[in-house]
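Colleague: Structure, please.
(one chain, ligands or ions: 1)
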Amino acid sequence: MAKKISVIGSGAVGSTLAFSLLCRLQLEELVLVDITEGLAKGNALDLEDTRGVLGFNTKIIGTQDYDYIKDSTIVIVTAGIARKEGMSRLDLLKTNAKVARQASSKIKELCPSAIVIVVTNPLDLITYIITKETGFSRNKVLGMGASLDTSRLLNILSQETNTQIPYLKGYIWGMHSKDMIVSGWRIKVKGNSLEEALGKEAAESFAQRVKLRGAEIVGYLKNRSAHFAPALACCALIEAIAHDKNEIIPVSILLQGEYGLKNVCMAVPCVINRRGAEKIIEEKLNLQEKKQLQKVKEVFKECTTLL
Ligand code: LAC
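Modeller: Numbers count the residues shown, from 1 in each chain. Got it, this is the predicted structure:
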């Protein structure tokens, strides 16, 4: 049983995540924090009202006051502004970096043993900021983005190839941006690679479609981004931690030489358990992937100069 989980930010992703957590985990306490007056409190009361149906014993708090996150075992940072139509995740950097620094100092002070999950965009840069600002060991600050992209990949691939999810394998890694890495040879449809299953050209346009899925959704919603799949992907990561699953999930983490990268946060497959990212799995790389990593290195360097 996870003791106490705090969700910072009670927007669409934060509140949907809180709901998913109540549906899927048994918690002693769930704290929702948002600086907008009444938002976390209103959501907390609404969530409490699911008790009669779900039957949980969880104490639920909605507040503007960070002090309530004290001694949380897991803290999820969703606070910040979300993408609107026409914006890239990077456009959010300035505002959300400030939010991330504030959250980091509170987390460091109040929950020094917590595992922190970052959802705020631009994901890899905010993960980097929170890792540095909290000073927590890197295995305890995990950015959730690639597991969402992986769920999107599997959904679209399932429809494209008319194949059920259990017969599909693969994951997305790299940055949670247009520079995410979709490695066709790591993706399998009933044992065949993406190119074998779709053909070379279709495989490329498929990869492009997956990369732009988040933007496609923003295009319809106009003034906000996706929330159901992001929240549930985050919930699955928390379940792997709370249930000590040793599950392999791609998460953004500070790399210190792995994959030839240093001082860069991006998603790589990790073994996730109650200690956070227990182990970074280093896969062999082909030439194209090495080139893509070089690009990540450059993009990350350029972005961190803006911080
Ligand atoms: C997305 C945002 C949440 O990918 O990053 O939809």
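Colleague: Surely residue 42 is in contact with residue 63?
Modeller: No - proximity of residue 42 to residue 63 does not meet the contact threshold set by C-beta atoms under 8 Å, at 11.4 Å. Every C-beta, even on glycine, is put in place using the N, C-alpha and C of the backbone.
Colleague: what touches both of these two?
Modeller: A shared contact of residue 42 and residue 63, defined by C-beta atoms under 8 Å, 6 or more residues apart in numbering, is any residue touching both; here there are none.
Colleague: Let me know the distance separating residue 61 from residue 185.
Modeller: Distance of residue 61 to residue 185, computed by C-beta to C-beta, to the nearest Å: 47 Å.
Colleague: meant to ask about residue 241, not that
Modeller: Taking C-beta to C-beta as the measure, residue 241 falls 30 Å from residue 185.
Colleague: Residue numbers of the stretch 51-200 of the chain in contact with the ligand?
Modeller: By C-beta under 6 Å from any ligand atom, the residues of the stretch 51-200 of the chain that approach the ligand are 89, 121, 148.
Colleague: any idea what sits nearest the closest residue to the ligand within the stretch 1-150 of the chain, other than its immediate chain neighbours?
Modeller: The ligand sits closest to residue 121 of the stretch 1-150 of the chain, with a gap of 5.0 Å, by C-beta to the nearest ligand atom. Residue nearest to residue 121 in three dimensions, not counting chain neighbours: residue 89, with 4.2 Å by C-beta to C-beta, 6 or more residues apart in numbering.
Colleague: Could I get the phi/psi values of the one you found?
Modeller: Phi and psi for residue 89, reported as degrees, to the nearest 10, are phi -60, psi -30.
Colleague: what's the answer for residue 188, then?
Modeller: The main-chain torsion angles of residue 188 are listed as degrees, to the nearest 10 and equal phi -130, psi 130.
Colleague: Residue 143 is in contact with residue 233, correct?
Modeller: No - counting by C-beta under 8 Å, residue 233 stays clear of residue 143, with 11.5 Å between them.
Colleague: more neighbours, those two?
Modeller: For the pair residue 233 and residue 143, the greater number of neighbours falls to residue 143 (33 against 22), based on other C-beta atoms under 10 Å.
Colleague: just checking, the more buried one touches residue 250?
Modeller: No - no contact is recorded between residue 143 and residue 250 when judged using C-beta under 8 Å, the distance being 9.9 Å.
Colleague: Residue 229: what's it in contact with?
Modeller: 148, 151, 152.
Colleague: same thing with residue 274?
Modeller: 241, 242, 244.
Colleague: For the helix or strand where the first one lies, C-alpha coordinates in CSV please.
Modeller: To tie it back to what came earlier, the one meant is residue 241. Mapping residue 241 onto the secondary structure by DSSP states H and E places it in helix 228-242. Provided in CSV are the C-alpha atoms of helix 228-242 (Å, rounded to 0.1, in the frame of the first residue of the first chain):
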residue,chain,number,x,y,z
PHE,A,228,-6.5,10.8,-20.2
ALA,A,229,-3.5,8.9,-21.7
PRO,A,230,-0.9,11.1,-19.9
ALA,A,231,-2.6,10.6,-16.5
LEU,A,232,-3.0,6.8,-17.0
ALA,A,233,0.6,6.4,-18.2
CYS,A,234,1.7,8.2,-15.1
CYS,A,235,-0.6,6.1,-12.9
ALA,A,236,1.0,2.9,-14.4
LEU,A,237,4.4,4.2,-13.5
ILE,A,238,3.3,4.8,-9.9
GLU,A,239,1.8,1.3,-9.8
ALA,A,240,5.2,-0.1,-10.8
ILE,A,241,6.8,1.8,-7.9
ALA,A,242,4.0,1.1,-5.3
